[in-house]
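Engineer: Okay, sequence plus prediction incoming.
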Amino acid sequence: MLSDDELVEQILLGNENAAEELIKRYYTSILRYCRWHCSNLEKAEDLTQETFLKLFKNLSGYKGKKKFKAYLYTIANHLCIDESRKVEFSPLEDEENIVHEYNDIVRLEDRAEISYFLNFLSSEQREAVILRFGEQLSFGEIAKVMGCNMRTAQSRVRNALKIMRKEQENER
């Protein structure tokens, strides 16, 4: 199995099968990530497709060194941020139906409860938690996606978890 960087090299040489392999490898993860950022599945699918289009359009600018996953999530992050600026945020009407309907996209067991507690966080903390626990990115990868250093990424997650625990205790 080729590494991400080897697939990128093959794509740059014109190998379409390598592009398909890269899409297969990351499509579901990027869709799930975009799904965290918007309440509409169709919009999440559009953002996922835009992510890959932008990736392939700018692939010659990728510098390699085993940082492909962070590079790809950075593209998705920027597209999601741009999209969130276009529309006013409105909470999901029926979170339980969303959890049931898209359970195969979201790995976390109780998305409604998690979404509720995410509302208590700053946008940076929420993003760090989604990247860490929703997407299983390392703190180094989170730092690259969010444009901060690794200690800041760790701090955002740690502080977010404290806030979420406190709110959970207040609910009891």
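Structural biologist: That came in fine, so what should we check first?
Engineer: At which residues are the helices of the chain located?
Structural biologist: Ranges of helices within the chain are 4-12, 16-37, 41-57, 68-86, 95-101, 111-118, 123-129, 139-146, 150-171, based on DSSP state H.
Engineer: And the contacts of the fourth one?
Structural biologist: Applying Cβ atoms under 8 Å, 6 or more residues apart in numbering, the external contacts of helix 68-86 come out as 4-5, 8, 26, 30, 33-34, 37-38, 43, 47-48, 50-51, 54-55, 62, 127, 131, 135, 137, 140-141, 144-146. For every residue, glycine as well, the C-beta is placed using N, CA and C.
Engineer: who are the neighbours in contact with the nearest residue to L161 once chain neighbours are set aside?
Structural biologist: Nearest residue to L161, sequence neighbours excluded (Cβ to Cβ, 6 or more residues apart in numbering): V129, at 7.5 Å. V129 makes contacts with L118, L121, R156, V157, A160, L161, M164, as judged by Cβ under 8 Å, 6+ apart.
Engineer: How is this protein partitioned into domains?
Structural biologist: For the chain, automatic domain parsing gives the domain ranges 1-90, 95-172.
Engineer: Least reliable of the ones you listed by average pLDDT, please.
Structural biologist: Confidence, taken as mean pLDDT, is least for domain 95-172 of those (a mean of 73).
Engineer: if I look at V8, how far off is A153?
Structural biologist: 25 Å (Cβ to Cβ, to the nearest Å).
Engineer: should've said C80
Structural biologist: Here C80 is placed at a distance of 17 Å from A153 (Cβ to Cβ).
Engineer: Also Y116?
Structural biologist: Distance from Y116 to A153, by Cβ to Cβ: 23 Å.
Engineer: more neighbours, the two?
Structural biologist: Using other Cβ atoms under 10 Å, the more surrounded residue of Y116 and A153 is A153, with 25 against 16.
Engineer: Settle this for me: A160 is touching E127, isn't it.
Structural biologist: No - assessed by Cβ atoms under 8 Å, A160 is found out of contact with E127, at 9.5 Å.
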